[in-house]
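1. Below are the sequence and a predicted model for it; my questions follow.
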Amino acid sequence: MSDFDLSLMIDLEKKLLDREWRMDNLYYVQDKDGNKVKFNRWESQQQFWDNMWFLNIILKDRQRGFSTLIAIFILDSCLFNSNIKAGIIDISLPDAQLKLGKISFAYKNLPEFLKVTATTTTDSKTGIEWENGSSVYVGTSHRGGTLQILHISEFGKISIRFPDKAREIKTGALNTVAAGNFVFIESTAEGSSGEFFEFCKRARDIADRKIPLTKLDYKFQFFGWWEGTENEIDPDNVEISLETITYLDALEKELGFKLSDRKRAWYAKKADEQGDDMLREFPSTADEAFSATVEGVYLAKILRKMKKAGQICVIPVNPGIPVNTGWDFGLSDKMTIWLHQRVQFQERLIGYIEGQDEDVLYYWKELQKLDYVYGHHFLPHDGETRRIGTARSAEEKPMKLKQILKEAGMKNIKIVPRIPEKWVAIQEVKRWLPTAFIDPIKCKRGLECLENFRKDYDENMGKFKDHPRHDWSSNGYDGLETLCRGLNAHGVITDTPVYRPVMVELSTPRDADVGY
C-alpha cells in the first residue's frame, strides 16, 4: 500500500468516527422518483437535528423527510454501536415495513468494506439484526424488553382511529425506553383529542413556560409549511385568490416576517388542491393544525364554516328571554345539558353543563343557581324510565325521571322520542346547527365534544363505519341532539318569560363540570 493510499485510509477512518460526517456522506436513500441518491439533510431535517432532544414529539406537515432522517439515525446507531435495540411502530404493519425498507436500502448500499465489518444475521420484512448485537424491529405495538430508540409514526391517526392501541403504545412501548434514550413520536394533527393531542399539549405547556427539560420530558417540535425552502414554486402565472391573500397577510403579522412570493405561490396552489384538508396536512401554526377538519368527524365542516362566519363568539345572556335545556342522561356515563335561548329567531347556545356519578336532582340544582327564567326542558326518551329505589312504598312503582324532576320544581318538560335510525337524527342536527351561534367560553367543553364527535372505525375493513363511536364526545353531542330535535318538534318560538324556578334544597356530594 502506497503512502497516498495509507493517507486516504487514515482520513476515512477519522471521518467514520464523526457522526455528523456519516449522516451526510455515507448513506444512500431513494428520492420521490425512486432514484438512488446520497442522503444529505435538508434544511428542515437539519433544523430538527440541531434541536433534537431525547424524547421528541413532532407535529409536522407532509413530505419533510423526518421518517427518512430517523431511519438513517437508527441505522447509524446500530452500525456504530453494539447492542442497540430499536423499534418502529406505525398505524399498520405494511406502513412500518416501508420504514424498515428505508433502513434496509441504506444498509445494502453501504461500501462493501463496511458491510463486511457490520454483517447482518437477520434481514426480514419485520426486522434486521447485526452481528454486533444491534437490531431493529417493526410492528403496530411493542411490549417487553428494552429499547434505546423508538420511532412512533402517525400517532395522531392511531390515537383517533384506534384509541385502545394508542393507550397500549403509551403504557407498553414507551415504558420500554429508559431515561436518556431516544423516542421520536411524529404525526400530522388529527383533531383536538386523543393521546397524540395530549402529548403535544403537555410538551407545548413546558415550552411555553420555558421550563428546563428533564430526560423524561418531551420536547415539542413543530414544522409549519413555511419553514425551510422545500415548499416554494415559481410565482409566475400563479393566481392567488383574495381570500388566500388575506390569510397570508394575517399569517405574516402573526409570524413577524414576510413570506416570499415563491412561498405564497406554493401555498395558493397547494390550498386549491387540498381544500379543507390544507390546515391538517400543511398547517401554518400548531393551533391551526389541531383545529383543522378531521376525517370521520360528523360536524367538522359545519363548525369550520361557523367559525369563519363569526358564529362561534361570546354571547351575552338576555335576562328577559327564557332558557331552554337539552339533556342526555348518564350515571356511569356523562350527564350533559345544553342551555339555549332563541332571541328574535336567532338560535343561541349559551351554556353547557357536564358531570358524572351524580343524581339528576344535582343538575337541576345547578340550573337553579343560574337565576334564569326557563322555557322548555327537553329530555331524551329515557326520561320516561323508572329509577330503582324511588318508590314511596312497596305498593307503588319506582318514579320516572320526568316525575322526579317535576316534583323538584321543573316545569314544561318535553320528552323527545328516540329515532330508530341514528343517522336521521344526525342529519337533523346538521341542518339546525348552521343556524346557531355558540359561546366558546360558556360552551367550551360542549364545543370540544361537537368537534370530536366522530364515526366509529372498522379496523378489519380499514374504513369508517356508518354509525358514531360511543366515547366522551358522543355524550355532549347527544345532549345537543335532544335540544335540537326538541326545538324542532315542539316549535318553540316564544321570547317571553315562562317561569323562574324556586330554589329547592337538595343534598349533593360533589361538583359537576359546569360551563356557564
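-> Received it, and whenever you're ready, just let me know what you need.
2. Which elements pack onto the longest helix seen in the chain?
-> Identified as the longest helix of the chain according to DSSP state H is helix 472-490. Secondary-structure packing of helix 472-490 (3 or more Cβ pairs under 8 Å, 6 or more residues apart in numbering; DSSP states H and E): strand 323-328, strand 334-343, strand 346-356, strand 374-380, strand 413-416, helix 422-432, helix 444-452. Glycine gets a C-beta too; all of them are placed from N, C-alpha and C.
3. got a list of what residue 183 touches?
-> Taking Cβ atoms under 8 Å, 6 or more residues apart in numbering, we find residue 183 in contact with 54, 55, 56, 149, 150, 151, 152, 174, 177, 218.
4. again, but for residue 87
-> Residue 87 neighbours (Cβ under 8 Å, 6+ apart): 136, 137, 138, 139, 142, 147, 149, 150, 151, 173, 176.
5. Run the chain-centre distance for the host helix or strand of residue 45.
-> Under the criterion of DSSP states H and E, residue 45 resides in helix 43-50. Relative to its chain's centre, helix 43-50 lies at 25 Å (Cα atoms, centre = their mean, to the nearest Å).
6. Then stretch 88-97?
-> Remark: stretch 88-97 is offset 19 Å from the chain centroid, using Cα atoms, centre = their mean.
7. Distance across it, terminal residue to terminal residue?
-> 9 Å (Cα to Cα, to the nearest Å).
8. Name the residues of it that come out as buried.
-> Burial within stretch 88-97, assessed by neighbour count using 16 or more other Cβ atoms under 10 Å, is assigned to 88, 89, 90, 91, 95, 96, 97.
9. and the residue nearest to the last one when sequence neighbours are not counted, what pLDDT?
-> In this structure, residue 97 finds its nearest non-sequential neighbour in residue 125, 5.3 Å apart by Cβ to Cβ, 6 or more residues apart in numbering. Reported pLDDT at residue 125 in the predicted model: 90.
10. do the same with residue 74
-> The model reports residue 74 with a pLDDT of 97.
11. Am I right that it is in contact with residue 151?
-> Yes - taking contacts as Cβ atoms under 8 Å, residue 74 lies within contact range of residue 151: 6.9 Å.
12. returning to that earlier point: closest to residue 417 among the contacts of residue 183?
-> Nearest to residue 417 out of these is residue 152 (Cβ to Cβ; 45.7 Å).
13. That closest one: what secondary structure?
-> strand (DSSP: H, G, I helix; E, B strand; the rest coil).
14. which residues sit in contact with it?
-> With contact set as Cβ under 8 Å, 6+ apart, residue 152 has these partners: 89, 90, 158, 169, 173, 183, 184, 185, 186.
15. tally of neighbours for the residue lying closest to residue 118 once chain neighbours are set aside?
-> Counting by Cβ to Cβ, 6+ apart, residue 79 is the residue found nearest to residue 118 once chain neighbours are left out, at 4.9 Å. Neighbour count for residue 79, taken as other Cβ atoms under 10 Å: 22.
16. Please name the residues that touch residue 79.
-> Shown in contact with residue 79 (Cβ under 8 Å, 6+ apart): 107, 114, 118, 130, 132, 134.
17. in terms of contact, does the third one touch residue 130 like I think?
-> To tie it back to what came earlier, the one meant is residue 118. Yes - with contact defined as Cβ under 8 Å, residue 118 and residue 130 form a contacting pair (5.7 Å).
18. Counting neighbours, go ahead and name the busier of those two.
-> Neighbours were counted for residue 118 and for residue 130 using other Cβ under 10 Å; residue 130 has more, 21 against 17.
19. picking that back up, now for the helices and strands packed on helix 472-490, which one comes closest to residue 64?
-> Among the helices and strands packed on helix 472-490, helix 444-452 comes nearest to residue 64, with 26.2 Å by Cβ to Cβ.
20. Now do the buried residues in the next helix or strand after that closest one.
-> Counting by DSSP H and E, the next helix or strand C-terminal to helix 444-452 is strand 455-458. If you call a residue buried by 16+ other Cβ under 10 Å, then strand 455-458 has these buried ones: 455, 457.
21. now stretch 228-248
-> Buried residues in stretch 228-248, counted by 16+ other Cβ under 10 Å: 228, 230, 231, 232, 233, 238, 240, 244, 247, 248.
22. same check, this time on stretch 275-292
-> 278-286, 288-292.
23. per-residue confidence for residue 514?
-> 44.
24. try residue 279
-> pLDDT, read off for residue 279, is 82.
25. May I ask which of the contacts of residue 183 has the most neighbours?
-> Most neighbours among those, by other Cβ under 10 Å: residue 152, with 28 neighbours.
26. ok, that residue to residue 309 distance?
-> Plainly put, residue 152 is 38 Å away from residue 309 if you go by Cβ to Cβ, to the nearest Å.
27. what do you get for residue 322?
-> In terms of Cβ to Cβ, residue 322 sits 26 Å off from residue 309.
28. What of residue 42?
-> 39 Å.
29. These two: who's more crowded?
-> Applying other Cβ under 10 Å to residue 42 and residue 309 shows that residue 42 carries more neighbours, namely 17 against 11.
30. ok, so what distance separates residue 112 from residue 74?
-> 22 Å.
31. Following element in sequence after the helix or strand encompassing residue 13, please.
-> Per DSSP H and E: residue 13 is located in helix 3-16. Tracing the chain C-terminally past helix 3-16 and defining elements by DSSP H and E, one meets helix 19-25 next.
32. The helix or strand just after that following helix pairs with which strands, parallel or anti?
-> Downstream of helix 19-25, the next assigned helix or strand under DSSP H and E is strand 28-30. Strand 28-30 sits in its sheet next to strand 36-38 (antiparallel), going by DSSP bridges.
33. got a list of what residue 454 touches?
-> Counting by Cβ under 8 Å, 6+ apart, residue 454 touches 160, 191, 294, 296, 297, 298, 464, 468, 469, 473.
34. Sort out for me which of those are in helices.
-> 160, 473.
35. could you dump the contacts of residue 454 to a markdown table with distance to residue 348?
-> As requested, the contacts of residue 454 are arranged in a markdown table below (distance: Cβ to Cβ, whole Å):
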| residue | distance to residue 348 |
| --- | --- |
| 160 | 30 |
| 191 | 25 |
| 294 | 26 |
| 296 | 29 |
| 297 | 23 |
| 298 | 22 |
| 464 | 32 |
| 468 | 25 |
| 469 | 29 |
| 473 | 22 |
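36. Could I get the contacts of residue 454 in JSON lines, plus columns for pLDDT?
-> Shown next, in JSON lines, are the contacts of residue 454 (pLDDT from 0 to 100):
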{"residue": "160", "pLDDT": "85"}
{"residue": "191", "pLDDT": "77"}
{"residue": "294", "pLDDT": "66"}
{"residue": "296", "pLDDT": "78"}
{"residue": "297", "pLDDT": "84"}
{"residue": "298", "pLDDT": "86"}
{"residue": "464", "pLDDT": "75"}
{"residue": "468", "pLDDT": "88"}
{"residue": "469", "pLDDT": "84"}
{"residue": "473", "pLDDT": "89"}
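37. Quick one, which of the contacts of residue 454 are buried?
-> 160, 191, 294, 296, 297, 298, 464, 468, 469, 473.
38. Alright, calling it a day.
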